[in-house]
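Q: give me coordinates for this.
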Amino acid sequence: MARSDVVIERLKAEQAQNPDVPHYECKPDETNWPLQPSEIKTAGYWKLERRRVPKGVEPVAFVVSGQGGKLHGTKVLTRWVPAYHINQTVPVKSRSADD
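A: Predicted coordinates for the structure are as follows:
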């Protein structure tokens, strides 16, 4: 689903608040911003890969997230989400049965 002109204009205005930080698309079918590199992801996606972003780390980029649909009955706004390079993350320690 393509973004509306209103959403694109809002994202551009929000992008202007952080002009020195790269902004990326998360989906290849959208073409308003460059596609995010594979080594840059949001904290949530790093968590899926068993990595975490330590507290206090500044994002190296922002990734557009959401398509303006609904999640659990609540409207989800398309917005910019902080993103981090893999070098800013640390592996999540696995919990062993002995702990």
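
Q: distance check, residue 81 against residue 36.
A: Distance, residue 81 to residue 36, using C-beta to C-beta, to the nearest Å: 11 Å. Using the backbone N, CA and C atoms, a C-beta is placed for each residue, glycine as well.

Q: now residue 46: closest residue in space, sequence neighbours ignored.
A: Excluding its sequence neighbours, the residue lying closest to residue 46 (C-beta to C-beta, 6 or more residues apart in numbering) is residue 89, at 5.1 Å.

Q: please apply the same query to residue 39.
A: Leaving aside its chain neighbours, residue 39 sits nearest to residue 86 (4.8 Å; criterion: C-beta to C-beta, 6+ apart).

Q: that neighbour: how many residues sit nearby?
A: Residue 86: 13 surrounding residues under other C-beta atoms under 10 Å.

Q: the one 5 residues further on now?
A: Other residues near residue 91 number 9, with proximity taken as other C-beta under 10 Å.

Q: quick one, what contacts it?
A: With contact set as C-beta atoms under 8 Å, 6 or more residues apart in numbering, residue 91 has these partners: 50-51.

Q: check which element follows the strand or helix carrying residue 47 along the chain.
A: Using DSSP states H and E, residue 47 maps to helix 43-48. Toward the C-terminus, helix 43-48 is succeeded by strand 51-52 as the next helix or strand (DSSP H and E).

Q: remind me what that next one packs against, helices and strands.
A: The elements that strand 51-52 packs onto, with contact taken as 3 or more C-beta pairs under 8 Å, 6 or more residues apart in numbering; DSSP states H and E, are strand 90-91.

Q: who does the strand it packs on pair up with?
A: strand 51-52 (antiparallel) (DSSP bridges).

Q: in what helix or strand does residue 13 lie?
A: Taking DSSP H and E as the definition, one finds residue 13 inside helix 5-15.
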